[in-house]
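>>> pasting a predicted model and its sequence here:
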Amino acid sequence: MAGQESYAGLGQYPSKYRKLALKSWLRMAAVFLVVLGLGYVGFSSFRPTSKAALAIDPRLESKFCDIPHPGRPLIQYVLMIDAGSTGSRIHVYKFNYCKDHAMLEDEIFLQIKPGLSSFGDDAAGAARSLDGLMEAALKGVPESLHACTPIAVKATAGLRMLGDEKSDRILAAITDRLTKNYRFKLIPKGAVEIMDGKDEGIYAWITVNYLLGTLGSSEHKTAATFDLGGGSTQIVFEPKFEVRDPTKGGPRMEPGEHRYVMAYGGQNYTLYQHSYLGFGLNEARKKIKTLIAQEASDSGKLSVEHPCFPAGFRELVPLNGGKSQVTVMGITKDSATPSSPEACYKEARRILNKDVTCTVQPCSFNGVYQPPLDKTFAENPFYIFSYFYDRTYPLGVRDEFKLADVKALMEKVCKHDTALFASKEQQEEVGAENQYCMDLSFQYALLRDGVGMADDRVVRSTRKIKDAETGWCLGASLAVLDQNRYCKPGY
Ligand SMILES: *[C@@H]1O[C@H](CO)[C@@H](O)[C@H](O)[C@H]1NC(C)=O
């Protein structure tokens, strides 16, 4: 399996510091050798070619091979700028073609603040703000490769909040500046754009499966990715439908927006993806509080106890667009509705709208079609990210675990007794966040009742795979390389 090697290779990296030290040492050695070499060629009255210098620039060499796959360049760089709402980040990816497919060899990244959207009307200022990031690109990519290095700027949904007119002017100003001031190649399609939520999920899926080494093989043992953000949550997987008799059709994925057909590494992938807007953790918290607050308000109350919160918790929850409000409080000891993990979980489950009409069967929740996990995705790995990770890792539910372990953790946290946790760090972690019980209840409800995962299903949670960051940027860069050729063999 070709992909596996790329991930074995990544695991061999020394730590960042050692790498830096090694790099500067190599650079010094390179300068020394260049001086020596130039002296020599000067002596032998041979015309000094840039080739002598090129051959020893480590940025032009691979750690894994000297000779590239036939028809491929040895080294290919890709620049990907992630323009998020709070800041922009550049990733300078170095790939090699020791094999027929791109293998990630090195990554540099740099972040600047604030994000593009903070520039508002000042489109030129927004474009200029990326210059700092481009410094990393100019330093990281050897000059001889600039013209064959693709670049893309993908903004996430935050920029759209400025409105179409302002955000379009910012995107145009960036395109203009990148074209005029740099020799890097803007990718042919969607070089500077606001990315579709759908693409973000798909690219993240590519990243994970690339790092796992599951792409490009006819076995299609691809992992599912489920990312819990603040505003929305996204699920992507490759369902398997048993087609017993192809002429009769048999069960298959229903057509619709959720179906995403993609070619990668010589294989075709038919993916299921859905982005649930309004079901990210922050939005879910609001919904879980508002449901109870609204019911209290409807029956003329000004305050209400909520089973998800510890005693002493108080929060004003605005209703009807701020026209009224209700105080949501934690459950007190002598309360009529005693606090219990089940009571909070029930509240969390309510926001999933399981009883909403399901037009295309079967549905996960909120009326959304989804192929059933137990029948179409029973065996392959299932990765959960972001807030899923943030709420389980600190409390010791790590790496690989069963959904039942999330349930057990939820039940423990929802007793609102920090003494139940053994270590001081864990006690502080739980004590510092009084929405912990609500968060875990929502996460368990989302996995169990939402997408329909069984309690004994094994899931994996991580930030990094083989020392590389997960997230959409690497996947987007790989997709760019899979569909286009930039550097010629021998440069
Ligand atoms: C992928 O789809 C294309 C276009 O439909 C087809 O020509 C090709 O044979 C397919 N490849 C594989 C490996 O099934």
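Yep, that arrived. Quick caveat, the model's predicted, so the values are computed rather than measured.

>>> tell me the bridge partners for residue 317.
Taking DSSP bridges, one obtains residue 326 as the residues bridged to residue 317.

>>> chain center to stretch 312-320, what's the gap?
Relative to its chain's centre, stretch 312-320 lies at 32 Å (CA atoms, centre = their mean, to the nearest Å).

>>> quick one: residue 413 and residue 438 touch, right?
No. Using CB atoms under 8 Å, residue 413 is not in contact with residue 438, being 9.5 Å away. Placement of C-beta: from N, CA and C, glycine included.

>>> tell me the SS of the closest residue to the ligand within the stretch 351-491 of the chain?
Nearest residue of the stretch 351-491 of the chain to the ligand: residue 482, at 13.2 Å (CB to the nearest ligand atom). Secondary structure assignment for residue 482 (DSSP: H, G, I helix; E, B strand; the rest coil): helix.

>>> which secondary element of this structure has the worst mean pLDDT?
Counting by mean pLDDT, DSSP states H and E, the chain has its least confident helix or strand at helix 2-10, which shows a mean of 31.

>>> wait, what's in contact with the residue in the chain positioned nearest to the ligand?
Across the chain, no residue is closer to the ligand than residue 268, which sits at 3.7 Å (CB to the nearest ligand atom). Residues in contact with residue 268 (CB atoms under 8 Å, 6 or more residues apart in numbering) are 261-262.

>>> please identify the helix or strand for it.
Assessed by DSSP states H and E, residue 268 sits inside strand 267-277.

>>> show me what the helix or strand that that strand is followed by is packed against.
Scanning forward in sequence from strand 267-277 by DSSP H and E, the next helix or strand is helix 281-298. Counting contacts by 3 or more CB pairs under 8 Å, 6 or more residues apart in numbering; DSSP states H and E, helix 281-298 packs against strand 303-305, strand 314-319, strand 324-329, helix 341-350, helix 436-445.

>>> helix 436-445 and helix 281-298, what's the angle between them?
110 degrees (axes from the mean of the first three to the mean of the last three CA atoms, to 10 degrees).

>>> buried sites along helix 281-298?
Neighbour counts over helix 281-298 (16 or more other CB atoms under 10 Å) mark 281, 283-285, 287-293, 296-297 as buried.

>>> in CSV: the residues you listed, plus distance to residue 365.
Formatted as CSV, these follow (distance: CB to CB, whole Å):
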residue, distance to residue 365
281, 16
283, 14
284, 12
285, 17
287, 13
288, 14
289, 19
290, 18
291, 15
292, 19
293, 22
296, 25
297, 25
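
>>> mind saving the C-alpha coords of stretch 113-133 as PDB?
In PDB, the C-alpha atoms belonging to stretch 113-133 read as follows (Å, rounded to 0.1, in the frame of the first residue of the first chain):
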ATOM      1  CA  LYS A 113      -3.700  38.500  13.500                       C
ATOM      2  CA  PRO A 114      -6.300  40.000  12.900                       C
ATOM      3  CA  GLY A 115      -8.300  38.200  10.300                       C
ATOM      4  CA  LEU A 116      -9.300  39.600   6.900                       C
ATOM      5  CA  SER A 117     -12.800  40.500   8.000                       C
ATOM      6  CA  SER A 118     -11.500  43.000  10.600                       C
ATOM      7  CA  PHE A 119     -10.400  45.300   7.600                       C
ATOM      8  CA  GLY A 120     -14.000  45.900   6.600                       C
ATOM      9  CA  ASP A 121     -13.900  48.500   3.800                       C
ATOM     10  CA  ASP A 122     -10.100  48.600   3.600                       C
ATOM     11  CA  ALA A 123      -9.700  46.000   0.900                       C
ATOM     12  CA  ALA A 124      -6.100  47.100   0.100                       C
ATOM     13  CA  GLY A 125      -5.200  46.900   3.800                       C
ATOM     14  CA  ALA A 126      -6.600  43.400   4.000                       C
ATOM     15  CA  ALA A 127      -4.500  42.300   1.000                       C
ATOM     16  CA  ARG A 128      -1.400  44.000   2.500                       C
ATOM     17  CA  SER A 129      -1.900  42.200   5.800                       C
ATOM     18  CA  LEU A 130      -0.900  38.900   4.000                       C
ATOM     19  CA  ASP A 131       2.600  40.200   3.200                       C
ATOM     20  CA  GLY A 132       3.800  39.100   6.500                       C
ATOM     21  CA  LEU A 133       2.800  35.500   5.700                       C
END
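
>>> so how far is that stretch off the chain centroid?
Centroid separation between stretch 113-133 and its chain, computed with CA atoms, centre = their mean, is 23 Å.

>>> show me what the helix or strand harbouring residue 473 is packed against.
Taking DSSP H and E as the definition, residue 473 sits inside helix 472-483. If you count contacts as 3+ CB pairs under 8 Å, 6+ apart, helix 472-483 packs onto strand 75-83, strand 88-96, strand 150-155, helix 197-212, strand 259-264.

>>> among these, which is nearest residue 460?
Closest to residue 460 of the helices and strands packed on helix 472-483 is helix 197-212 (CB to CB; 9.8 Å).

>>> quick check: next helix or strand after that closest one?
Remark: after helix 197-212, the chain's next helix or strand is strand 224-228, criterion DSSP H and E.

>>> give the other helices and strands that that following strand contacts.
helix 197-212, strand 232-237, strand 382-386, helix 387-392.

>>> return the per-residue confidence for the nearest residue to residue 437 once chain neighbours are set aside.
Distances taken as CB to CB, 6 or more residues apart in numbering place residue 414 nearest to residue 437, at 4.1 Å, with adjacent residues excluded. Note for residue 414: predicted pLDDT of 94.

>>> ditto for residue 57
The model's pLDDT for residue 57 equals 89.

>>> for it, what are phi and psi?
Main-chain dihedrals, residue 57, degrees, to the nearest 10: phi -80, psi 110.

>>> share the number of residues neighbouring it, please.
As a burial measure, residue 57 scores 16 neighbours (other CB atoms under 10 Å).

>>> now residue 232
21.

>>> tell me where the model's unsure across the protein.
1-55, 243-250, 335-339, 491 (pLDDT under 70).
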